[in-house]
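> sequence and predicted structure are below.
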Amino acid sequence: HLHFSNLVSAKNLSPNALVELCGAAQTPPMHPAQPVCGKESFMSYIISPPEETALQAHLHKLRTQLHEDPELSWQEHRTTRLVRRELEALCLEPVPLGLPTGTAALLRGALPGPTVGLRADLDALPITERTGAEFSSRVPGVMHACGHDIHMAALLGAARLLAARREQLAGNVLFLFQPAEEAATGAMQVLEQGLFRRVPMAGMLALHVWPGLAQGQLGIRSGAILSAVDSFEITVTGRGGHGSAPERACNPIPAGAALASALTTLRANDLPQAEPAVTAVTCIQAGTCNNVIPDRCILLGTIRTFSARTRAQAKARLEALTAGIAAAWGCTAAVGWTDGTPALCNDAGLAAAMERAAVSVFGKSGCVQIEPQMISEDFACYGSEVPICCALLGVGSPVGLHSAAFCPDSSVLLPAARFLAESAWSVLEDARA
């Protein structure tokens, strides 16, 4: 593999000369270190402490701007403009998405090779922030409670690192800043607009902050890592009446309560034990006052699974349980489904490349083989067209995602940027092997 040290000896050049050689004066130069796992490592060059401080400060500033000005799904206009300015400053090639928000840009390496994609998400959540951070959201009722501000800043940092080394880059890198992940519609819209037909890719990579891992750890695995999610709405229909004469009515509330209880045992009794699944009834709606028996009871909830087979089995079993329990109480029932994102299944080759990147950046002890997690991400939709891989970035938060108090420390930004850059580099190096 091509090694930067074969082209130029860092000790014979000043930092400014190195920057000029790399072709991106804004980005700090790298200095020699050791290759990792027998593969050529992008992190064979690490930035000096003063330069590291400057880059970390820049990424923190970006993160602060993004965090202070969050926007909901499909409303990320200011966010898109900020990201686009950063990408334009790196002289990257714009790639139209054909969407009202979101942006993408292509870095063409000087050496031939395939294209790999790196993705971050733009949107925030309808939550009133209670972090107490100096850079708390200035938009009432909206905050970045899922780490998308971290994702964006880290990917912009990776773009700076890679753009400075385009002369040594054997292939191309697409930087995709996707809208509307929280609405679970952004990825599908990107697909429908034909991005991957216009820019064929060897794979798409992403990371997501993860409060359950300590800062300095990176979770990765081959195969299913994040679950599919499907939402259900069950309508149990009985016969309304006066509360004093239940025998003249058919109360759907006891049927709904029995059904909610039965659905909590769906995983244990009806699905393959080797494949995790979770059924949750999260809302029950029935009745309006204390002396009227309603004619309907509505249950809302989700099913989360990790394989197409278990997904289909869970849906079928829920429908059978619903019909049987409703009938036992003299009621009828109908089940409506809203199909969500599929399970996110990491490609084995991409996972191996990202694992090497994790070892390079976080060390062997910081690279964790993580268990599948019951959370969903619309990044999984890209798997229908290209190999994909997503890693989980430890932020060591005492509160979870989507909490009004969720605010990871900005010190995770530089390692995250390095990891994304190293991951792209590693995939491109694998293609040359």
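Arrived safely, thanks for sending. Everything numeric here is computed off the predicted structure, so don't read it as measured data.
> doesn't residue 217 make contact with residue 368?
Yes. Residue 368 is within contact range of residue 217, at 5.3 Å (criterion: CB atoms under 8 Å). C-beta here means a position set from N, CA and C on the backbone, and glycine is covered the same way.
> what touches both of those two?
Contact with both residue 368 and residue 217 is made by residues residue 394, according to CB atoms under 8 Å, 6 or more residues apart in numbering.
> and the closest residue to residue 204 other than its chain neighbours, bridged to which residues?
Using CB to CB, 6 or more residues apart in numbering and skipping the chain neighbours, the partner closest in space to residue 204 is residue 117 (4.1 Å). Taking DSSP bridges as the rule, residue 117 bridges to residue 174, residue 204.
> on the three-state scheme, residue 428 is what?
Taking DSSP: H, G, I helix; E, B strand; the rest coil as the rule, one finds residue 428 in the helix state.
> next up, the contacts around it.
So residue 428 contacts 109, 113, 114, 116, 169, 170, 171, 173 (CB under 8 Å, 6+ apart).
> mind doing that once more with 10 Å?
Going by CB atoms under 10 Å, 6 or more residues apart in numbering, residue 428 touches 1, 40, 42, 109, 111, 113-116, 162, 169-173, 202, 353.
> filter those to the buried ones?
40, 42, 109, 113-116, 162, 169-173, 202, 353 (16 or more other CB atoms under 10 Å).
> give me the below-cutoff pLDDT ranges for the chain.
Filtered on pLDDT under 70, the chain yields the residue ranges 1-47, 267-270, 272-273.
> mind redoing it with 90?
1-55, 164, 264-277, 309, 432-433 (pLDDT under 90).
> centre of the chain to the helix or strand that residue 323 is a member of, how far?
Assigned by DSSP states H and E, residue 323 belongs to helix 308-328. For helix 308-328, the separation from the chain centroid amounts to 30 Å (computed by CA atoms, centre = their mean, to the nearest Å).
> and for stretch 137-151?
The answer for stretch 137-151 is 15 Å, by CA atoms, centre = their mean.
> in it, what counts as buried?
Neighbour count says stretch 137-151 has 137, 139, 142, 143, 144, 145, 146, 147, 148, 149, 150, 151 buried, by 16+ other CB under 10 Å.
> CA atoms only: put stretch 422-430 into PDB for me.
The C-alpha trace of stretch 422-430 is given here as PDB (Å, rounded to 0.1, in the frame of the first residue of the first chain):
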ATOM      1  CA  GLU A 422      -9.700   6.400   9.500                       C
ATOM      2  CA  SER A 423     -12.800   4.200   8.700                       C
ATOM      3  CA  ALA A 424     -13.100   5.600   5.200                       C
ATOM      4  CA  TRP A 425      -9.400   5.300   4.600                       C
ATOM      5  CA  SER A 426      -9.400   1.700   5.900                       C
ATOM      6  CA  VAL A 427     -12.300   0.700   3.500                       C
ATOM      7  CA  LEU A 428     -10.400   2.300   0.500                       C
ATOM      8  CA  GLU A 429      -7.200   0.500   1.500                       C
ATOM      9  CA  ASP A 430      -9.000  -2.800   1.700                       C
END
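> can you give me how far it is from the chain middle?
20 Å.
> spit out the contact partners of residue 61.
With CB under 10 Å, 6+ apart, residue 61 has these contacts: 135, 153, 410.
> which of these sits closest to residue 342?
residue 153 (27.9 Å; CB to CB).
> state the helix or strand in which that closest one lies.
With DSSP H and E as the test, residue 153 turns up in helix 148-163.
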